[in-house]
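>>> Let's see this in three dimensions:
(chains A and B)
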Amino acid sequence: MIATLTNILVTALMLIGGVFCLLAAVGILVMPDVYTRMQAASKSVTLGACSIILVPVLLMSGIDVMIRGLLVCLFLVVTIPAASHLVARAAYRSKEPLAPETELDELENCPIMDPVSRPTSGPSARYTTKSSPEN
Amino acid sequence: MLLFTEVLLIASISLVALRLVLGPGLANRVVALDVIAVLATALMSLYAVRFEQAVFLDVAVILALVSFVGTVAFAHFIERRSS
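I've put the predicted structure just below:
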């Protein structure tokens, strides 16, 4: 009974994980600019990889395997959004072009996002660019 | 079923590697490299099931750690290169 339940669960996890990883790869290949590619990369890869990493936790015996698998899963859930946020911010600051279909760029006139007018005199000076001394 | 999932993962790694080769600019390539590292982590956990070796899960832990640190470093390099 337990073995049948585990088999069904493992099969479902592997199917979900493989299909989501493949969809993420197709999205990275066909999306028009780096920000939409990053959307496909972060969300669906998180779901797919975490559900695949839960497979050895269910199939293999031993408390160490369980701890390691859950550790990898938790670590991926925490770090993938942070890393993709950092890459997106760096890409926007380095003037990575948006897709031509883009309708709204809410950070267009934001002085924090502009690397040219950003003062480099201190850690708190980057948020006070409204009254910068050059104008 | 294990073989099917491995084939799906390897196919998605090769699609993302195509973006790594094609991708215009540094940011696209950094995104593709990050995704390849996460997919390799998932593939390592499948190898742990296939060969009944818990050592492959250690590889998965190290790969996840190193890929996060590498992505953060690449983001700093992108940002510094622009200013």
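>>> which non-adjacent residue is nearest the residue positioned nearest the centre of chain A?
What sits nearest the mean C-alpha location of chain A, by C-alpha atoms, centre = their mean, is residue A:42, with 2.8 Å. Leaving aside its chain neighbours, residue A:42 sits nearest to residue A:84 (4.0 Å; criterion: C-beta to C-beta, 6 or more residues apart in numbering or on different chains). For every residue, glycine as well, the C-beta is placed using N, CA and C.
>>> Would you check that the one you found makes contact with residue A:41?
Yes: using C-beta atoms under 8 Å, residue A:84 is in contact with residue A:41, at 6.6 Å.
>>> Who has more neighbours out of those two?
A side-by-side neighbour count of residue A:84 and residue A:41, using other C-beta atoms under 10 Å in any protein chain shown, places residue A:41 first with 27 against 24.
>>> List the residues that contact the more buried one.
Each residue near residue A:41 by C-beta atoms under 8 Å, 6 or more residues apart in numbering or on different chains is listed here: A:24, A:27-28, A:84, B:31-32, B:34-35.
>>> repeat for residue A:55
Residue A:55 neighbours (C-beta under 8 Å, 6+ apart): A:10, A:13-14, A:17, B:45-46, B:49.
>>> Try it again at 7 Å.
Residue A:55 makes contact with A:10, A:13-14, B:45-46, B:49, according to C-beta atoms under 7 Å, 6 or more residues apart in numbering or on different chains.
>>> And residue A:60, by the same measure?
Applying C-beta under 7 Å, 6+ apart, the residues contacting residue A:60 are B:48-49, B:54.
>>> Neighbour-wise, give me the winner out of these.
Ranked by the number of neighbours (other C-beta under 10 Å), the contacts of residue A:60 place residue B:48 first, at 25 neighbours.
>>> name the element it belongs to?
If you go by DSSP states H and E, residue B:48 is part of helix B:26-51.
>>> What is the least confident helix or strand in chain B?
helix B:55-82 (a mean of 91; mean pLDDT, DSSP states H and E).
>>> Against which helices or strands is that helix packed?
The helices and strands touching helix B:55-82, judged by 3 or more C-beta pairs under 7 Å, 6 or more residues apart in numbering or on different chains; DSSP states H and E, are helix A:63-93, helix B:26-51.
>>> tell me the most buried of those?
Stretch with highest mean neighbour count among the helices and strands packed on helix B:55-82: helix B:26-51 (a mean of 22; mean count of other C-beta atoms under 10 Å in any protein chain shown).
>>> Neighbours of the nearest residue to residue B:28 once chain neighbours are set aside, how many?
Closest residue to residue B:28 apart from its sequence neighbours, by C-beta to C-beta, 6+ apart: residue A:34 at 5.2 Å. Neighbours of residue A:34 under the rule other C-beta under 10 Å: 26.
>>> how much space between residue A:34 and residue B:48?
Taking C-beta to C-beta, to the nearest Å as the measure, residue A:34 falls 33 Å from residue B:48.
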